[in-house]
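> any chance you could fold what I've pasted below:
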Amino acid sequence: MSGFPYEETPDQQSAIDAVIRDLVSGQPMDRVICGDVGFGKTEVALRAAFVAVQAGKQVALLVPTTLLAQQHFATFSDRLADWPVRVEVLSRFRNAAQNKVVLEQVKSGAIDIVIGTHRLIQKDVSFGRLGLVIIDEEHRFGVQQKERLKQLRAEVDFLTLTATPIPRTLNMAMSGLRELSIIASPPARRMAVKTLISGWDKGVIREALHRELQRGGQVFFVHNEVRNIEKIAREVQELAPAARLAIAHGQMAEKELETVMLDFYRQRYNVLVCTTIIERGIDVPTANTIVINRADHFGLAQLHQLRGRVGRSHHRAYAYLLVPDRKSMTTDARLRLDAVASLEELGAGFTLATHDMEIRGAGELLGAEQSGQIHEIGFSLYSDMLARAVDALRDGKEPDLDLAAHKGIDIELHLAALIPATYLADVPARLMLYKRIASAADTGALRELQVEMIDRFGLLPVAVKNLFAVAELRLLANRIGIARLDLGPQGGRVEFAAATRADPAVVIRMIQNQPQRYRLDGPQKLRILHKEEDAELRIAAARKLLDELLPDA
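Numbers count the residues shown, from 1 in each chain. Got it, this is the predicted structure:
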């Protein structure tokens, strides 16, 4: 669309291209667009909506706040004014009669794009030709609310916009259940927000207000308790007597709230004492300082969103997080604050989301429970089961989650195969390398890992070389369908899995040609009679055996 007022960033263009490919693919889209506040996620949504409407479909844009609904309505209406596209909004800023007319026209298909809050997912709302659902900031909606949308998933495209995806969404995206596009490149001339953590210090607050007002800017002062917000506003006014101060919160009458927000946008006020109602839906380029009182009470994503209310122009912006004594805060609160303060560079939203997943856990992928059962089976087994299920579904097969059928391949060569503490003393680093070796997808990945270890820690000891050899044998055994290979100095055996891909004719030929080396030991076992004391030669013998059993590609 040539009407875009800014030049697309590389990541933004990549996300737009990916969404359009999904929309025309013929398969239902389920893509997450992760990008910081002001990085252009709305533009991606607008392009997607335009493509869907041109294909004759309706678009529903679900947002968490009325203010954001109004802003999106203004943006979409303005950008699509030259096209025959009907855009409407369901909002509490409109009366019941107006909303009723909108719902009737949505049902008849007369409206192309409808923007609204939770009202859009009520049971009495029906669409004439819904084709695309866009969810802005998914973590502001509960599980049951999103379950309502999942009922449409088989036939409707889904696009989720978020700066910090919730752990469940991030887990699904990283597991391959949902597609993920990251917009990490900032707009031109954008500067990072400087973040400072402080107690309630009148000197610090006074200095923050004075610095911003002196350069002609505006300040958000967030206090998320309506019951005493007026008291806080009086204290702020005392600290900055010259400030033109206003109060905004969700319990105000609609028209009054709308007037205050518009007046602040038009700079009739330069300090806004408010609740988290400003978290979304207000873009004030001249507001470049935000003070957040009791920041320890906010979630990680919420802190990042609030910080994103400032710094939306080319001026340096500041975020002050006011907290009580660190000893009185919970451990999770301290972790959240440390994460936000340490990641203040542009595009930090995705990294913060991964911290959030570490702090809160990955969550259950399906169903209404917020936390899953990963701790019951262990993360490694959970990841393996999930990967198998995703691969099977992509191939159009029924997922086989029988644990007995997928127990690990056992390779036992009766030799030392480990990372010695004398080679690498750091226990967490050793565990991480064990995991990476076990998770290697092919021999190429194993070779790259060997090169990395040599570069980081020095030449590999024999025990580590053996470990890589066993890992390579395990990859071969997996391709053949072998459950166990046991080969010691006095011989050993091979146990074939029930669904082995080894050719029985090849096995019989091996026994006939080398009777002194192999014999059958029951229907699923091959006895190895050859004795080999030398460990290196034993590894070579095991590799030669598996190469012979390897089915033709």
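
> in the protein, which helix has the most residues?
Criterion DSSP state H: the longest helix present in the chain is helix 462-480.

> got a list of contacts for the following helix or strand past it?
Using DSSP states H and E, the helix or strand that follows helix 462-480 in sequence is strand 482-488. Contact with strand 482-488 is made by 407, 409-414, 473, 477, 492-497, 500, 502, 528, 532, 538, 541-542, 546, 549, as judged by CB atoms under 8 Å, 6 or more residues apart in numbering. No exception for glycine: its C-beta is placed from N, CA and C like everyone else's.

> now do 7 Å
Residues from elsewhere that reach strand 482-488 (CB atoms under 7 Å, 6 or more residues apart in numbering): 409-414, 473, 477, 492-497, 500, 528, 538, 541-542.

> buried sites along the following helix or strand past it?
Downstream of strand 482-488, the next assigned helix or strand under DSSP H and E is strand 491-496. Across strand 491-496, burial judged by 16 or more other CB atoms under 10 Å covers 492-496.

> stretch 429-444 now?
Neighbour counts over stretch 429-444 (16+ other CB under 10 Å) mark 430, 433, 437, 440 as buried.

> which other residues reach that stretch?
So stretch 429-444 is contacted by 419, 424, 446, 449, 453, 467-468, 471-472, 475 (CB under 7 Å, 6+ apart).

> 6 Å - rerun?
Stretch 429-444 is contacted by residues 419, 424, 446, 449, 471-472 when judged by CB atoms under 6 Å, 6 or more residues apart in numbering.

> okay, now the unreliable bits of the stretch 451-553 of the chain?
Per-residue confidence of the stretch 451-553 of the chain (counting by pLDDT under 70) places the weak regions at 552-553.

> residue 40: neighbour count?
For residue 40, the count of nearby residues is 24 (other CB atoms under 10 Å).

> between the contacts of stretch 429-444, which sits nearest residue 306?
residue 449 (41.6 Å; CB to CB).

> buried ones in the helix or strand that closest one falls within, by neighbour count?
In this assignment (DSSP H and E), residue 449 forms part of helix 443-457. Neighbour counts over helix 443-457 (16+ other CB under 10 Å) mark 446, 449-450, 453, 457 as buried.

> could you give the separation of that helix from the chain centroid?
For helix 443-457, the separation from the chain centroid amounts to 29 Å (computed by CA atoms, centre = their mean, to the nearest Å).

> report the angle between it and helix 462-480.
160 degrees (axes from the mean of the first three to the mean of the last three CA atoms, to 10 degrees).

> domain parsing of the chain, as residue ranges.
Per automatic domain parsing, the domain ranges recorded for the chain read 10-183, 193-345, 408-549.

> what about the first one, start to end distance?
One end of domain 10-183 to the other measures 8 Å (CA to CA, to the nearest Å).

> what's the offset of that domain from the middle of its chain?
The chain centroid and the centroid of domain 10-183 are separated by 18 Å, computed with CA atoms, centre = their mean.

> I'd like the average pLDDT over it.
Across domain 10-183, pLDDT averages out at 81.

> re earlier: please identify which of the domains of the chain is closest to residue 396.
With CB to CB as the criterion, residue 396 lies closest to domain 10-183 of the domains of the chain, at 12.0 Å.

> now do stretch 516-525: distance from first to last residue.
End-to-end distance of stretch 516-525: 16 Å, with CA to CA as the criterion.

> name the residues that touch that stretch?
Stretch 516-525 is contacted by residues 493, 495-496, 510-511, 526-527, 529-530 when judged by CB under 6 Å, 6+ apart.

> same check, this time on stretch 272-290
With contact meaning CB under 6 Å, 6+ apart, stretch 272-290 is reached by 65, 67-68, 71, 208, 212, 217-221, 224, 233, 236, 246-250, 264-265, 305-306, 309-310, 312-313, 315, 317-319.

> hmm, back to that, tell me which residues of the longest helix of the chain come out buried.
Buried residues in helix 462-480 (16+ other CB under 10 Å): 464, 466-477, 480.

> any regions of the stretch 301-450 of the chain where pLDDT drops low?
Where the stretch 301-450 of the chain drops to pLDDT under 70, the residues are 312-314, 341-388, 390-391, 393-395, 397-408.

> and the strands in it?
317-322, 410-412 (DSSP state E, counting those that start in this stretch).

> looking at those, which is buried most?
strand 317-322 (a mean of 24; mean count of other CB atoms under 10 Å).

> report all helices and strands that it contacts.
Here strand 317-322 touches strand 193-198, strand 287-293, going by 3 or more CB pairs under 6 Å, 6 or more residues apart in numbering; DSSP states H and E.

> now do 10 Å
Helices and strands touching strand 317-322, by 3 or more CB pairs under 10 Å, 6 or more residues apart in numbering; DSSP states H and E, are strand 193-198, helix 202-214, strand 218-222, strand 287-293, helix 300-307, helix 331-342.

> rewinding a little: return the alpha-carbon coordinates of the helix holding residue 449 using PDB.
C-alpha atoms of helix 443-457 as PDB (Å, rounded to 0.1, in the frame of the first residue of the first chain):
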ATOM      1  CA  THR A 443      26.400 -35.600  12.100                       C
ATOM      2  CA  GLY A 444      27.000 -32.100  10.700                       C
ATOM      3  CA  ALA A 445      25.600 -30.600  13.900                       C
ATOM      4  CA  LEU A 446      27.900 -32.900  15.900                       C
ATOM      5  CA  ARG A 447      31.000 -31.800  13.900                       C
ATOM      6  CA  GLU A 448      30.100 -28.100  14.400                       C
ATOM      7  CA  LEU A 449      29.800 -28.700  18.200                       C
ATOM      8  CA  GLN A 450      33.100 -30.500  18.300                       C
ATOM      9  CA  VAL A 451      34.800 -27.500  16.600                       C
ATOM     10  CA  GLU A 452      33.100 -25.100  19.000                       C
ATOM     11  CA  MET A 453      34.300 -27.100  22.000                       C
ATOM     12  CA  ILE A 454      37.900 -27.300  20.700                       C
ATOM     13  CA  ASP A 455      37.800 -23.500  20.100                       C
ATOM     14  CA  ARG A 456      36.400 -22.800  23.600                       C
ATOM     15  CA  PHE A 457      38.100 -25.500  25.800                       C
END
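
> about what we covered before: quick one: which two of the contacts of stretch 516-525 are the most distant?
Pairwise distances across these (CB to CB) peak at 18.5 Å, for the pair 496 and 530.

> please report how far residue 273 lies from residue 453.
Note on residue 273: its distance to residue 453, by CB to CB, to the nearest Å, is 56 Å.

> tally of neighbours for residue 25?
If you count neighbours by other CB under 10 Å, residue 25 ends up with 10.

> for it, give me phi and psi.
Per-residue torsions, residue 25: phi -70, psi -20 (degrees, to the nearest 10).
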